[in-house]
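[1] Sequence and predicted structure below; questions after.
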2 protein chains.
Amino acid sequence: MRIFVVVGHKATTQPSFSLEDIPGTSGRLDILCRSVTAAFVLSHGIRKDVLVYLVLLGGETPKTIRLVGETLRHLNPDERTTAALLKKALAVEATPEWAMSTSGIFVRTGGLEKLLEDLKQRSVRLVYLREDGRDFRCLKDEPLEREMAFVLGDHTGMTAEEESLLASAGAEVVALGPTSLHADHCIVVTNWLLDTNAFMSDCG
Amino acid sequence: MRIFVVVGHKATTQPSFSLEDIPGTSGRLDILCRSVTAAFVLSHGIRKDVLVYLVLLGGETPKTIRLVGETLRHLNPDERTTAALLKKALAVEATPEWAMSTSGIFVRTGGLEKLLEDLKQRSVRLVYLREDGRDFRCLKDEPLEREMAFVLGDHTGMTAEEESLLASAGAEVVALGPTSLHADHCIVVTNWLLDTNAFMSDCG
């Protein structure tokens, strides 16, 4: 399983945003929509082996949305359709337990700290993608068979407190290259690196 | 300069499509919008060294839209904003000569054949991205300093006639990996490969 975690610092936790102006009314939920597409869509299908967590911090109470490739339905490659699915999920009454919205999409209250605890119990290898991290090729130091979770910030990066949480959770800090890319583009590249086993080659 | 050419076989040549339903009303112009974003946007800026040609074949007369990174303005990462820019370009009266729409965006009549003639005059190295092509690493066989143009199909691939045009123009057929990706994701990976010089390593 490939896991992607994207933190939206201003992303709304309410379904009241407008599909006619997603960036302007949702606290940049558009970034998370594109991340979802980048994580799941293939030319003719959905990646079943992917799990995405969107951590939404732009409300009074943080919420997390979980998207499960195995059962995900109704996901199209366009941004608006994804936003409409997230809107539905945000209309579900959230509690600390996961509640299903549409097929393969779940929501609960809670933010990054709670999610990192869950991932710890799952014994995943935690990789925090940051542009000044170690060269990605060095991920080959350990077998890649272990389940990996890649954590990404939105346009504002991560806060010092979040970085501290990630460090405590044992996250490796890894860079994909010299150019600072959007979160969704980082996910595309990561998926491609895993598809082609390029992590394993040419560590140098 | 990095050049990307995306062919939209059903993409509308008219500005009458709806921004509220881009995939359903524009002949999948959404694919081309995401390709534009993939080609140009960085975390904090626009790639100046990129040129994109969108070949729109979903009308009576084909049109081509050219986007020039050096002078491109008003491009945001969300799909709708890009669609609005293309809508404006399609409202410009198109002739066989380039006419400017907004800053850095130009439009003319004509399709792939005419564009390939232009690229030939520019002496670019033409690379047609297709999933059963040669391994991308073998692009290192020739110096990458030469200007490269990457040609991609939309969700329907390329027609036999287009493939024949590409072959006549000397296009190399190259694959990015074992997984069939959307055009915009191919552009993200290609940009990343050029950024990291990964084309040059590990041809094996």
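    All right, it came through fine. All values reported here derive from a predicted model rather than from experimental measurement.

[2] Enumerate the residues of chain A near chain B.
    Contact residues (CB under 8 Å from any CB of the partner chain) of chain A with chain B: A:19-23, A:30-31, A:34, A:38, A:41-44, A:76-81, A:155, A:176-182, A:185, A:188-189, A:191-192, A:195-196, A:198, A:201-202. Where C-beta positions appear, they are placed from N, C-alpha and C, glycine not excepted.

[3] Mark which of the residues you listed are part of strands, please.
    A:41-42 (DSSP state E).

[4] Kindly give a single PyMOL line that selects the buried subset of the residues of chain A next to chain B.
    Of the residues of chain A next to chain B, the buried ones can be selected in PyMOL as follows, counting by 16 or more other CB atoms under 10 Å in any protein chain shown:
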select buried, chain A and resi 22+23+30+31+34+38+41+42+77+78+79+80+81+176+177+179+180+181+182+185+188+189+191+192+195+196+198+201
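
[5] Was I right to think residue A:154 contacts residue A:8?
    Yes - proximity of residue A:154 to residue A:8 meets the contact threshold set by CB atoms under 8 Å, at 5.1 Å.

[6] Who has more neighbours out of the two?
    residue A:8 (27 against 22; other CB atoms under 10 Å in any protein chain shown).

[7] if I pick the more buried one, what's in contact with it?
    By CB atoms under 8 Å, 6 or more residues apart in numbering or on different chains, the contact set of residue A:8 is A:27-29, A:31-32, A:54-58, A:154.

[8] got it, and residue A:88?
    The neighbourhood of residue A:88, defined by CB under 8 Å, 6+ apart, consists of A:15, A:101-102, A:105.

[9] Give the residues shared as contacts by residue A:154 and residue A:8.
    Shared contacts of residue A:154 and residue A:8, defined by CB under 8 Å, 6+ apart, are found at A:28, A:31-32.

[10] Send over stretch A:171-182 as PDB, restricted to the C-alpha atoms.
    C-alpha atoms of stretch A:171-182 as PDB (Å, rounded to 0.1, in the frame of the first residue of the first chain):
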ATOM      1  CA  ALA A 171       9.900  10.500   9.700                       C
ATOM      2  CA  GLU A 172      12.800  10.700   7.300                       C
ATOM      3  CA  VAL A 173      13.100  14.000   5.500                       C
ATOM      4  CA  VAL A 174      13.500  13.400   1.800                       C
ATOM      5  CA  ALA A 175      13.700  15.700  -1.300                       C
ATOM      6  CA  LEU A 176      12.600  14.800  -4.700                       C
ATOM      7  CA  GLY A 177      14.900  17.200  -6.500                       C
ATOM      8  CA  PRO A 178      16.200  20.700  -6.900                       C
ATOM      9  CA  THR A 179      12.900  22.200  -8.000                       C
ATOM     10  CA  SER A 180      10.200  23.200  -5.500                       C
ATOM     11  CA  LEU A 181       7.000  21.500  -6.800                       C
ATOM     12  CA  HIS A 182       3.300  21.600  -5.900                       C
END
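
[11] ok, and what's touching that stretch?
    A:31, A:34, A:125-136, A:138-139, A:151, A:155, A:186, A:189-190, B:41-44, B:77, B:188, B:191-192, B:195-196.

[12] mind redoing it with 7 Å?
    By CB atoms under 7 Å, 6 or more residues apart in numbering or on different chains, the residues outside stretch A:171-182 that reach it are A:126-136, A:139, A:151, A:186, A:189, B:41-44, B:77, B:192, B:195-196.

[13] would JSON lines of the shared contacts of residue A:154 and residue A:8 with pLDDT be doable?
    Shown next, in JSON lines, are the shared contacts of residue A:154 and residue A:8 (pLDDT from 0 to 100):
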{"residue": "A:28", "pLDDT": "96"}
{"residue": "A:31", "pLDDT": "95"}
{"residue": "A:32", "pLDDT": "97"}
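
[14] Phi, psi for residue A:68 please.
    Phi and psi for residue A:68, reported as degrees, to the nearest 10, are phi -110, psi 110.

[15] What residues does the nearest residue to it once chain neighbours are set aside make contact with?
    Of all residues not flanking residue A:68 in the chain, residue A:104 sits nearest, at 4.6 Å (CB to CB, 6 or more residues apart in numbering or on different chains). Going by CB under 7 Å, 6+ apart, residue A:104 touches A:67-68, A:71-73.

[16] Please narrow the residues you listed to those residing in strands.
    A:67-68.

[17] a markdown table for the contacts of residue A:104, including neighbour count, pLDDT and distance to residue B:167?
    Below are the contacts of residue A:104 laid out as a markdown table (neighbours: other CB atoms under 10 Å in any protein chain shown; pLDDT from 0 to 100; distance: CB to CB, whole Å):
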| residue | neighbour count | pLDDT | distance to residue B:167 |
| --- | --- | --- | --- |
| A:67 | 26 | 98 | 41 |
| A:68 | 17 | 98 | 43 |
| A:71 | 14 | 98 | 43 |
| A:72 | 21 | 97 | 39 |
| A:73 | 10 | 95 | 40 |
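
[18] Save the contacts of residue A:104 as JSON lines, and put in distance to residue B:114 too.
    Converted to JSON lines, the contacts of residue A:104 look like this (distance: CB to CB, whole Å):
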{"residue": "A:67", "distance to residue B:114": "43"}
{"residue": "A:68", "distance to residue B:114": "46"}
{"residue": "A:71", "distance to residue B:114": "47"}
{"residue": "A:72", "distance to residue B:114": "41"}
{"residue": "A:73", "distance to residue B:114": "42"}
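
[19] before we move on, back to that, if any of the contacts of residue A:88 are buried, put those into a ChimeraX selection.
    Only the buried entries of those go into this ChimeraX selection, using 16+ other CB under 10 Å:
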select /A:101,102,105
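
[20] Which of the contacts of residue A:88 lies at the shortest distance from residue A:87?
    Of all the contacts of residue A:88, residue A:87 sits closest to residue A:15, with 4.7 Å by CB to CB.

[21] That concludes my questions; thank you for your assistance.
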